[in-house]
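# just need the structure, nothing else, for what follows:
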Amino acid sequence: MKRSAMTLVLFAVACGSAFAQSSVTPYGVVDVGVQWNKQYASSTNAQESVWSVDSGYQSGSRWGLRGSESLGGGLKAIFTLESGFDISTGVSGQGGALFGRQAWVGFQGGWGTLVAGRIATPSSGTGSFDMFSAIDPFGTGFGINQLGSTFIADNTLREDNAALYVSPVLGGFKGAAGYSFNRGGAETAPQGSNAPGVNLAGSFSAGPFYAVVTYDVLGYPDPGSSTSNAGKPDEKLLQIGATWDFKVIKLHGAFANQKNISAVRGLVSIAPPSGVTAYDNQAWMLGVTMPLFGGLLSASYQSADGDSQSYATSTGTAKFEPDYSVWGLGYQYPLSPRTNLYAGYGQVAAAGTLSATQVDRKQFGTGLRHRSF
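Coordinates of the predicted model:
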């Protein structure tokens, strides 16, 4: 099935001129570079370093098709199919899904946009309906420097079986609301055995000022369902962010209130130990971007502050307080409107009760990115 679908898509791309009248456009991003990482290695139970050729340090490598057709009366049919891949190995991303980054179809008109499929949420920092990546000085890229290291939803939150409505921009305001019947994989009966998702977002733009609020509720199957995560409390992820562009420098700030975290999420997400069902977390970020020597310099500092909990162990009582911080620097230099060089460095530091050996990380990356749009 995958091979047949891939053959069909490649045929469409190869025959692009034949499809031009129906407004089907191929596009893509190719990002490859060299990375150095020093982080925990389970094989030695110690911090180890490694050099590697890697894909997607600044932007995830991808290819896709987007298209539209006028249906009359200002109404259009629209679609996007987008596939991620690792250019250093040629392997598909997002768990091997053919169109794992996004795959949706719908309608667009003066009343807004309504689509259904696999959708990256407005909070995710990626995809066609993203509202939050502008808050991140690194545009949700540059490895561990990106906002997704502490903001869970902003770490490319995608949902299967989803529908999303996005309003037109009215007086600088734009809103979005979505629902997923099962966030990962096909739905099953009964309805309570699925993991639903609710997504709300609103943004406001006026001159140099931009602000956005997103709220995601990630549900789990009902207690008693035959899944390993059944009965877990809903994760509730609130994100607030704003930027102000002074031209010579742009200021970035964001706050997240993240409740009932029970799974490993985010680039530096912490899973609760046995004995702790879920925990709450607050995160914040301050950052800047500024033009420098013909390119763009980015910097940010993030902090994640988890609530403190005591839990029973076989030897008594232990404390769990998952705190950590992240800081990073990055620079990108354009060689043309669609091609740039980049370099970045970042660090993660454990705090609270987290082990520095297992959580601390240092990362350097440099490379080349080319995009076809």
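# after the helix or strand containing residue 243, which helix or strand is next?
Assigned by DSSP states H and E, residue 243 belongs to strand 235-245. Sequence order places strand 250-261 as the next helix or strand after strand 235-245, per DSSP H and E.
# residues in contact with that following strand: which ones?
Contacts of strand 250-261 with the rest of the structure, by C-beta atoms under 8 Å, 6 or more residues apart in numbering, involve 135-137, 147, 150-154, 232-244, 269-270, 272, 278-290, 300, 306. The C-beta positions use only the backbone N, C-alpha and C, and glycine is treated the same way.
# neighbouring strands - and their directions - for it?
strand 235-245 (antiparallel), strand 279-292 (antiparallel) (DSSP bridges).
# low pLDDT regions in the stretch 1-150 of the chain?
1-21 (pLDDT under 70).
# residue 58: which element?
Using DSSP H and E, no helix or strand contains residue 58.
# surely it meets residue 142?
Yes. The criterion here is C-beta atoms under 8 Å, and residue 58 meets it with residue 142 at 6.0 Å.
# what's the overlap in contacts for those two?
In contact with both residue 58 and residue 142: 330, 342, 344, 365, using C-beta under 8 Å, 6+ apart.
# follow-up on the earlier one: give me the buried entries from the contacts of strand 250-261.
Among these, those classed as buried by 16 or more other C-beta atoms under 10 Å are 135-137, 147, 150-154, 232, 234-243, 269-270, 272, 279, 281-285, 287, 289, 300, 306.
# how about the lengthiest strand in the chain: buried residues?
Using DSSP state E to define each element, the chain has its longest strand at strand 24-41. For strand 24-41, burial by neighbour count (16+ other C-beta under 10 Å) applies to 24-26, 28-33, 35, 37, 39-40.
# what's around residue 325, how many residues?
Residue 325: 18 surrounding residues under other C-beta atoms under 10 Å.
# who is it paired with across the strands?
Assigned bridge partners for residue 325, using DSSP bridges, are residue 303, residue 349.
# same question, the one 5 residues further on
Judged by DSSP bridges, the bridge partners of residue 330 are residue 298, residue 344.
# that one is in contact with residue 144, isn't it?
No. Contact criterion C-beta under 8 Å: residue 330 and residue 144 do not qualify, at 11.0 Å.
# with only the CA atoms kept, save stretch 85-92 in CSV.
Output in CSV follows, covering the C-alpha atoms of stretch 85-92 (Å, rounded to 0.1, in the frame of the first residue of the first chain):
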residue,chain,number,x,y,z
PHE,A,85,12.5,12.2,6.2
ASP,A,86,16.1,11.9,7.5
ILE,A,87,18.4,13.1,4.8
SER,A,88,21.4,11.4,6.5
THR,A,89,19.9,7.9,6.1
GLY,A,90,16.9,8.3,3.7
VAL,A,91,14.6,6.9,6.4
SER,A,92,11.0,8.3,6.7
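# which residues are contacting that stretch?
Counting by C-beta under 8 Å, 6+ apart, 30-32, 52-56, 61-63, 83-84, 93, 98, 100 sit against stretch 85-92.
# sort out which of the residues you listed are in strands and list them.
Those of the contacts of stretch 85-92 lying in strands (DSSP E): 30, 31, 32, 52, 53, 54, 55, 62, 63, 83, 84.
# gap between the fifth one and residue 33?
Read it as residue 53. 8 Å (C-beta to C-beta, to the nearest Å).
# before we move on, what about residue 240?
Applying C-beta to C-beta to residue 240 and residue 33 gives a distance of 32 Å.
# do the same with residue 207
35 Å.
# for residue 186, grab phi and psi.
Main-chain torsions, residue 186, degrees, to the nearest 10: phi -70, psi 150.
# how about the contacts made by residue 80?
64, 65, 66, 67, 102, 103, 104, 128.
# just to revisit the earlier point, closest one of the buried residues of strand 24-41 to residue 313?
Taking C-beta to C-beta as the measure, residue 313 lies nearest residue 40 of these, at 21.8 Å.
# isn't the closest one right next to residue 359, touching?
Yes. At 7.4 Å, residue 40 counts as touching residue 359 under the criterion of C-beta under 8 Å.
# spatially nearest residue to residue 246, not counting backbone neighbours?
Distances taken as C-beta to C-beta, 6 or more residues apart in numbering put residue 208 closest to residue 246, at 6.9 Å, once the chain neighbours are dropped.
# for residue 162, same thing?
Residue 162's closest residue in space is residue 180 (C-beta to C-beta, 6+ apart), at 4.0 Å.
# so where's the stretch 251-373 of the chain uncertain?
264-269.
# switch the cut-off to 80
263-270 (pLDDT under 80).
# coming back round to it: out of the contacts of stretch 85-92, which two sit at the greatest distance?
It's 52 and 98 that sit farthest apart of the contacts of stretch 85-92, by C-beta to C-beta, at 25.8 Å.
# comparing the two, which residue is more hemmed in?
Each of residue 52 and residue 98 has its neighbours counted (other C-beta under 10 Å); residue 98 has more, 15 against 11.
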